[in-house]
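> need a 3D model of the sequence below.
(chains A, B, C, D, E, F, G, H, I and J)
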Protein chains: 10
Amino acid sequence: MLFLARMDVVFPDHLTAEQVADFQAREKEYSASLQRSGKMQGIWRVVGEYANHSLYNVESNDELHEILSGFPMYPYMKIKVTPLAKHPNSLV
Amino acid sequence: MLFLARMDVVFPDHLTAEQVADFQAREKEYSASLQRSGKMQGIWRVVGEYANHSLYNVESNDELHEILSGFPMYPYMKIKVTPLAKHPNSLV
Amino acid sequence: MLFLARMDVVFPDHLTAEQVADFQAREKEYSASLQRSGKMQGIWRVVGEYANHSLYNVESNDELHEILSGFPMYPYMKIKVTPLAKHPNSLV
Amino acid sequence: MLFLARMDVVFPDHLTAEQVADFQAREKEYSASLQRSGKMQGIWRVVGEYANHSLYNVESNDELHEILSGFPMYPYMKIKVTPLAKHPNSLV
Amino acid sequence: MLFLARMDVVFPDHLTAEQVADFQAREKEYSASLQRSGKMQGIWRVVGEYANHSLYNVESNDELHEILSGFPMYPYMKIKVTPLAKHPNSLV
Amino acid sequence: MLFLARMDVVFPDHLTAEQVADFQAREKEYSASLQRSGKMQGIWRVVGEYANHSLYNVESNDELHEILSGFPMYPYMKIKVTPLAKHPNSLV
Amino acid sequence: MLFLARMDVVFPDHLTAEQVADFQAREKEYSASLQRSGKMQGIWRVVGEYANHSLYNVESNDELHEILSGFPMYPYMKIKVTPLAKHPNSLV
Amino acid sequence: MLFLARMDVVFPDHLTAEQVADFQAREKEYSASLQRSGKMQGIWRVVGEYANHSLYNVESNDELHEILSGFPMYPYMKIKVTPLAKHPNSLV
Amino acid sequence: MLFLARMDVVFPDHLTAEQVADFQAREKEYSASLQRSGKMQGIWRVVGEYANHSLYNVESNDELHEILSGFPMYPYMKIKVTPLAKHPNSLV
Amino acid sequence: MLFLARMDVVFPDHLTAEQVADFQAREKEYSASLQRSGKMQGIWRVVGEYANHSLYNVESNDELHEILSGFPMYPYMKIKVTPLAKHPNSLV
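Residues are numbered from 1 along each chain as shown, chains lettered A, B, ... in the order given. Predicted coordinates:
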């Protein structure tokens, strides 16, 4: 079951460069793990913005919320989720 | 080079059911052709809406516009395009 | 798996009162059937608007889209779907 | 008399993790109490967001405002309330 | 229990001047009846717009919806309802 | 001459509980004075929000601005004003 | 007492060029009359749009609504009114 | 050549009352100078808001930007500019 | 003096394919003439939309409005104009 | 391949005037370098706003994102990118 998410990141001013780098490193690791398990099927940068579109393949809404809220940078993200269904014109 | 599109379809009232069916048949064929060529890498229905998100892999903006404006139902679509770049956390 | 939908209905001008009544009768029947099967867990009128909030319990996004697009008045509805997860403070 | 609320929570940066945890614990307790009394008939997490939809059964607008403004995290919530009426297609 | 409504009226093009005048006459009568019963506590024209703000005193959401959907021009109105509670600074 | 206002209050984080309480006490007094003079003809809480709708009867735009900007909490308010005219269906 | 209005004009498709020209001629005459009386203190075209900003000097909201609703093209206008007060930095 | 501007002022919390007063005094002087030179042809307070509409008569876009960015409070303003053309119904 | 415009075209349903083609031919000619005179310094298609961004070099707001309202498809366009000034970082 | 960007700059309060000046100097240098290489084909100030429209000629979305995210003031910018295609009416 697929969901498209758009995530916008806004870091508060008080974070140090080190803290930001640490968040980003943990985010990279978490994101890699989701891709390896097949839960995240793609992640793309929105050109010119600190934002991504990413595609999730999950069993349930609960699983998706657990995944999304598990992102290290979740407290600094604004996320909008769109549930996707099979399109009649899709070949796959 | 990837682009995400969201397409919303609104048919005018004066179209007959036959005309709509004809548009949809040609749309399906066109969409299949784009998928076979690899230009369209995915198309998903937005749950509950006459809308899709679709993903395009093209050489240029001009090619993308040619593809999008070639949809049989293009005159009845509202399309928003988001250019995508490689995300640093993407494994592919 | 729960989803909240908001549906706004706009009938085109050319429908006759009989056609509208027919749509509404079939809508009522379809809605009753969904409630009996447990797929629709509630439907409420938004005060002052030709709109509802309704709650669905389904197995997948595909099933939800099938249900929503099956409403007799679907062509005249604007639907927005919100996927819901279990809330940590919910007792049920 | 039913009302649907959407609540979005934004904590200010200066709160410590302990303060947040304390707010959340009191919120849980308050929310449980509302559910036991039947005043809150449901609460669901919006997937991917620090937000909920919740359903209230109250005698009056005044009672609803008293309930909503009594949430421990009320000062950090943005709430939008939708009054609901019986839907003609509802079986209950 | 008080509710504030904003109503915007848009007549479709196909109505004749006579039809519009008839709607307005019935609207006036209905509105007068609501005011005499105390259900409508005030109605004001928004300057420069075919719109009003009006104030309702009702027993329930259901009663309010019945009143609002009873306006002769209801099919041509867009209505937004705001539930009101007693303000701590109000003297009445 | 009547105007409807919607006021949304947002206090900055640095205010102490005492400062907030002081603002609220002065606000109550100011609001009472406006009601006694007939300048404010009503004030209602928007359910679930730190906001009100209030109704003013003034001689001029200048008088209204003087009244609104005189609220003790004015620097923390976002105000939107709607000028009202007599409605043809109003009995008063 | 001054008010700023923005008016956007949208003619329905069914009007003939002659009907439009007739509306525009009557509009010009009405507008001239308002300027001569000092009620309208200025009218400017928004560049690139069938819209204007205009400035009114009236005694009351009722008078303003009467003026605005008296425009021949009023049924085809969308008007937004902003009440203006004396600015402390204005020399006049 | 005329332009209409709407300016909304938001002071950051850290400014002292003295700093604000100083800004306002310099703003008043600057605004007076613009009015004396004929560059600013009017400035009006938006009722209930820390905002104004003002009208500029300049030779070019560059001159207008120089004038607007020269306001002492420019860093705390959000400005929207509308270019105006002669209206065919204007008598002046 | 430069202005950026965004133009969105919406043709009404009743136009025939011939009428649309005729509009487009005249539009092309008009647009070419503006480019040859240097008044239009560029025009680009917004990918996926029946819309353009175009850049104008004119002497005044009045000249710009005359140019824009002279487009054959002007009645079917929605135009938004942004006045541009020299940027301090521009090399030209 | 052309892209239009709109960039809005908001500096956080804690930056000193020296820090801002340093950012602006590095921005100017970076912007000049982009113009000399032909990557940036134009940059214009939006009148009355700390914002620009700029035009980029790049080989790919990835290159564009690299360029945009390389701006010294990138962390303080909100950027919206519009992909452009050749317009059929363009002479170049």
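> start to end distance for stretch A:36-53?
18 Å (CA to CA, to the nearest Å).
> what's the spacing between the residue lying closest to residue A:79 once chain neighbours are set aside and residue A:62?
Spatially, and ignoring its direct neighbours in sequence, residue A:79 is nearest to residue D:48 (3.9 Å; CB to CB, 6 or more residues apart in numbering or on different chains). For every residue, glycine as well, the C-beta is placed using N, CA and C. Distance, residue D:48 to residue A:62, using CB to CB, to the nearest Å: 12 Å.
> likewise for residue A:27?
22 Å.
> who's residue A:5 bridged to?
Beta-bridge partners of residue A:5, counted by DSSP bridges, are residue A:54, residue A:81.
> and the contacts of the lengthiest helix in chain A?
Determined from DSSP state H, the single longest helix within chain A is helix A:17-36. Under the criterion CB atoms under 8 Å, 6 or more residues apart in numbering or on different chains, residues A:11, A:15, A:40-41, A:43, A:67, A:70-73, A:76, B:88-92 lie in contact with helix A:17-36.
> of all these, which comes closest to chain E?
Using CB to the nearest CB, residue A:76 is the member of the contacts of helix A:17-36 that lies nearest chain E, at 32.8 Å.
> contact partners for the closest one?
Here residue A:76 is in contact with A:9-12, A:23 (criterion: CB under 8 Å, 6+ apart).
> tell me the phi and psi of it?
phi -110, psi 10 (degrees, to the nearest 10).
> quickly note the distance from it to chain H.
Distance, residue A:76 to chain H, using CB to the nearest CB, to the nearest Å: 22 Å.
> distance of the residue of chain A found nearest chain E from residue F:60?
The minimum distance from chain A to chain E, using CB to the nearest CB, falls at residue A:80 (23.5 Å). Computed as CB to CB, the residue A:80 to residue F:60 distance reads 45 Å.
> these two: who's more crowded?
Ranked by neighbour count (other CB atoms under 10 Å in any protein chain shown), residue A:80 and residue F:60 place residue F:60 first, with 17 against 13.
> nearest spatial neighbour of the more buried one, skipping sequence neighbours?
Of all residues not flanking residue F:60 in the chain, residue G:1 sits nearest, at 5.1 Å (CB to CB, 6+ apart).
> now do the helix or strand where residue A:41 lies: distance to the chain's middle.
Using DSSP states H and E, the element containing residue A:41 is strand A:40-46. Chain-centre distance of strand A:40-46: 7 Å, with CA atoms, centre = their mean, to the nearest Å.
> I'd like the average pLDDT over it.
The predicted model assigns strand A:40-46 a mean pLDDT of 98.
> pick out the residue of chain A closest to chain J.
Here the residue of chain A nearest chain J is residue A:48; by CB to the nearest CB that distance is 3.9 Å.
> ok but that residue is inside a helix, no?
No: per DSSP: H, G, I helix; E, B strand; the rest coil, residue A:48 lies outside any helix segment and is coil.
> residue contacts, it?
Neighbour list for residue A:48: J:5, J:64-65, J:68-69, J:79-81 [criterion: CB under 8 Å, 6+ apart].
> between the residues you listed, which is closest to chain G?
residue J:80 (20.5 Å).
> one step back: roughly how far apart are the residue of chain A closest to chain J and residue B:85?
Distance, residue A:48 to residue B:85, by CB to CB: 9 Å.
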